[in-house]
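Chemist: Take a look and give me a structure for this.
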Amino acid sequence: MSEPKTKASKASVSQFLGRISDAKRRGDCVEIVKLMKAATGEEPEMWGSSIVGFGRSIMKYASGKEAEWPTIGFSPRKNDLTLYVGLGSGKFKDLLGRLGKHKAGKGCLYLKGLDGVDASVLKELIEQSVKAKASGRVKN
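Modeler: Reported below is the predicted structural model:
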């Protein structure tokens, strides 16, 4: 079995975020760090070169393969802020309906930024995602 490419590292989260040239985007990332840290009680750590993760859990693929992955995390990708929140099987449909401007994938939430997003709904979605993963109700 091959090793996962994305692993936790000792790289500095603050240095990574400090390299984001756009001040608004950097500020949005700092706010997401606060929300995820509060929801997990964990310090952020870098996963690979571009994912900020909180906590650790085992992700199970449909093939049966398992890999360590952050309980929750995000990455400031080129076009979107990608939040790894385990949207899974529609558990958060009500929250997504109240969130504001976003796109959603199987496990990820895609935001252009925090403008146009209801901050209290985002906070609740992050908290519910952490609780769902802790209870084993959401698969990555």
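Chemist: ok, residues contacting stretch 44-57?
Modeler: Residues from elsewhere that reach stretch 44-57 (Cβ atoms under 8 Å, 6 or more residues apart in numbering): 5-13, 16-17, 29, 32-33, 36-37, 39-40, 42-43, 68-77, 84, 130, 133, 140. C-beta: built from backbone N, CA, C; applies to glycine.
Chemist: Can you get me the start-to-end distance on it?
Modeler: Terminal residues of stretch 44-57 lie 14 Å apart, using Cα to Cα, to the nearest Å.
Chemist: Can you give me the buried ones in it?
Modeler: Judged by neighbour count (16 or more other Cβ atoms under 10 Å), stretch 44-57 contains these buried residues: 44, 45, 46, 47, 51, 52, 53, 54, 55, 57.
Chemist: Kindly report the same for stretch 13-25.
Modeler: Within stretch 13-25, the residues scored as buried using 16+ other Cβ under 10 Å are 16, 17, 25.
Chemist: now, among those residues, which is nearest to residue 62?
Modeler: The shortest approach to residue 62 among the buried residues of stretch 13-25 belongs to residue 16, at 30.9 Å (Cβ to Cβ).
Chemist: Give me the phi and psi for the closest residue to the closest one other than its chain neighbours.
Modeler: Closest residue to residue 16 apart from its sequence neighbours, by Cβ to Cβ, 6 or more residues apart in numbering: residue 46 at 6.1 Å. For residue 46, the backbone dihedrals (degrees, to the nearest 10) come out as phi -80, psi 140.
Chemist: Of the contacts of stretch 44-57, keep whichever come out buried.
Modeler: Applying a neighbour-count criterion of 16+ other Cβ under 10 Å, the buried members of the contacts of stretch 44-57 are 16-17, 29, 32-33, 36, 39-40, 42, 69-76, 84, 130, 133, 140.
Chemist: Residue 68 falls within a helix, correct?
Modeler: No: Residue 68: not assigned to a helix; according to DSSP: H, G, I helix; E, B strand; the rest coil it is strand.
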